[in-house]
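Fold the following, please.
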Amino acid sequence: MAKSSSSFSCTECGAKHSKWSGRCDACGAWNSIVEDKGISSGPPSKSLGARRGSSIELTDLATQETPPPRAQSGIAELDRVLGGGLVPASAILVGGDPGIGKSTLLLQAAAHFAKSGLKTIYVSGEEASAQVRMRAQRLDLAEAPVKLAAETNLRDILTTLEAERPQLAIIDSIQTMWADNVESAPGSVSQVRAAAHELTSFAKRRGVAVILVGHVTKEGQIAGPRVVEHMVDTVLYFEGERGHQFRILRAVKNRFGPADEIGVFEMTGGGLAEVTNPSALFLSERGQPSPGSVVFAGIEGTRPVLVELQALVAPSPHSQARRTVVGWDSGRLAMILAVLEARCGIPFAGLDVYLNVAGGMKISEPAADLAVAAAILS
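Numbers count the residues shown, from 1 in each chain. The predicted structure is shown next:
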């Protein structure tokens, strides 16, 4: 009988360690090793080379077969981020802060896919079926032909999916799934890895598109081992500030479409509404030109977007001046201030510098450097 044992795993690469240390020897990541109580495998078995396996079927790379068509959700912004629609047998991971609207987005997507003819199952590990149904009623989606389930046992979920044979399965969330062959708590590194592996394998084996919802850490990374992001085909992040009504769905990995593509949504009383012209929305509250305000034309994926950069420079009442940034890289701000001091002779000692990207947007383009410098100097 398998015995339980405590070990430690790296959340970045999944490497096993016999004891805790501050740095992973395998990938070099700091502060990434957590306790992982799993099943002891006992004495080592024979190597794979000592056992004879079955031959696998090989096919030619060049083929006349037509790839299966993508399924359209009817939500243009979501289809854009997915690269043109949902690919059969694909595994998609969607991460975001708690309360940002992940479940709302996926419930709306499930309803649209189901209405278009896709057999859809929505499995919630965080809410009862009645609670999901209440949310669907609030979003005016109660009549959508979506099958609901509230379950966390991975074995029961896979058995149900095998019997029902849906075309789309949504699992909310991967951190709540529990595999009974792994002796650790739900949400642990080993549980998340096992659940992601089983669900992704099921998607490939049965041709079912599987969407997994993932929680994020305070650093903004999807909780659990990074190996999960390598398992899936697409990784999407749902971003936004709670004080803003805008939400950004961003693709950071996509095997079937462009990465860094974004979809823009607006949170309304009836759920998430897609925004076809993000530039007009981001600049809708911009008044007359004022000092410290600059409009920057950037590229998000394949879409040009106009965003407003807001800067404020003020005398600091503290002994050490502040550098506060929202929506941009604080390291680049420090570099720009250093360049302005060294090359333009403009001192910033004793001055607080604040920089904000309006509308809750987050930009990483180096091309924004000039716009930031102009906002600060103005």
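
Would you map the helices across the stretch 1-150 of the chain?
76-81, 102-115, 129-138 (DSSP state H, counting those that start in this stretch).

So for Thr324, which of these sits nearest?
Nearest to Thr324, of all the helices of the stretch 1-150 of the chain, is helix 102-115, at 27.8 Å by Cβ to Cβ. Placement of C-beta: from N, CA and C, glycine included.

Show me the domain layout of the protein.
By the assignment in automatic domain parsing, the chain contains the domains 4-41, 76-275, 281-377.

Any stretches of the stretch 1-150 of the chain with poor pLDDT?
1-6, 36-51 (pLDDT under 70).

Look at Ser201 and report its pLDDT.
Here the pLDDT value assigned to Ser201 is 96.

Report the contact partners of Gly84.
Arg70, Phe256, Gly257 (Cβ atoms under 8 Å, 6 or more residues apart in numbering).

rewinding a little: let me have the helices of the stretch 1-150 of the chain in JSON lines, extended by distance to Asn31.
Putting the helices of the stretch 1-150 of the chain into JSON lines (distance: least, Cβ to Cβ, whole Å) gives the following:
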{"stretch": "helix 76-81", "distance to Asn31": "31"}
{"stretch": "helix 102-115", "distance to Asn31": "26"}
{"stretch": "helix 129-138", "distance to Asn31": "36"}
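
hang on, isn't Leu86 packed against His112?
No: taking contacts as Cβ atoms under 8 Å, Leu86 lies outside contact range of His112: 10.4 Å.

Just want to know which of the two has more residues nearby.
Each of Leu86 and His112 has its neighbours counted (other Cβ atoms under 10 Å); Leu86 has more, 24 against 21.

Give the bridge partners for that one, please.
Ala71 (DSSP bridges).

For the top helix by length along the chain, list every residue counted as buried.
Counting residues, the longest helix found in the chain (DSSP state H) is helix 189-206. For helix 189-206, the buried set under the neighbour-count rule, 16 or more other Cβ atoms under 10 Å, comprises 189-196, 198-200, 202-203, 206.

From the contact counts, what lies against whichever helix or strand comes after that helix?
Note on helix 189-206: by DSSP states H and E, the next helix or strand toward the C-terminus is strand 209-215. When contacts are defined as 3 or more Cβ pairs under 8 Å, 6 or more residues apart in numbering; DSSP states H and E, strand 209-215 sits against strand 91-96, helix 102-115, strand 168-172, helix 189-206.

After strand 209-215, which helix or strand is next?
Criterion used, DSSP H and E; the element after strand 209-215 is helix 227-231.

next one: that following helix to chain centre, how far?
Offset of helix 227-231 from its chain centre (Cα atoms, centre = their mean, to the nearest Å): 12 Å.

May I see the buried residues of that helix?
Val227, Val228, Glu229, Met231.

which one among the buried residues of helix 189-206 gets closest to Arg250?
Ala196 (20.3 Å).

pLDDT score for the closest residue in space to Leu106 that isn't next to it in sequence?
Spatial nearest neighbour of Leu106, excluding adjacent residues (Cβ to Cβ, 6 or more residues apart in numbering): Ile170 at 5.3 Å. Predicted confidence (pLDDT) at Ile170: the value is 98.

And for Ile170, the neighbour number?
25.

again with the one 10 residues further on
Residues lying near Asp180 (other Cβ under 10 Å) number 9.

just checking, it touches Thr152?
No: judged on Cβ under 8 Å, Asp180 makes no contact with Thr152 at a distance of 10.6 Å.

Could you check what's spatially nearest to Lys19, not counting adjacent residues?
Phe8 (6.5 Å).

That neighbour pairs with what?
Following DSSP bridges, Phe8 is listed with bridge partners His17, Glu35.

Okay, helices next: where are they in the stretch 251-378 of the chain?
Going by DSSP H, counting those that start in this stretch, the stretch 251-378 of the chain shows helices at 278-282, 330-344, 368-377.

what packs against the longest strand along the chain?
Using DSSP state E to assign secondary structure, the strand with the most residues in the chain is strand 303-315. Where contact means 3+ Cβ pairs under 8 Å, 6+ apart, strand 303-315 is packed against helix 278-282, strand 293-300, strand 351-357, helix 368-377.

if we can go back for a sec, can you tell me how far the residue nearest to Leu106 sits from Ala91?
According to Cβ to Cβ, to the nearest Å, Ile170 and Ala91 sit 12 Å apart.

and for those two, which residues touch both?
Val210.

sorry, back to before: pick the most deeply packed of the helices of the stretch 1-150 of the chain.
A comparison of those by mean neighbour count, using mean count of other Cβ atoms under 10 Å, puts helix 102-115 on top with a mean of 23.

relative to helix 129-138, how tilted is it?
Going by axes from the mean of the first three to the mean of the last three Cα atoms, to 10 degrees, helix 102-115 is angled at 80 degrees with respect to helix 129-138.
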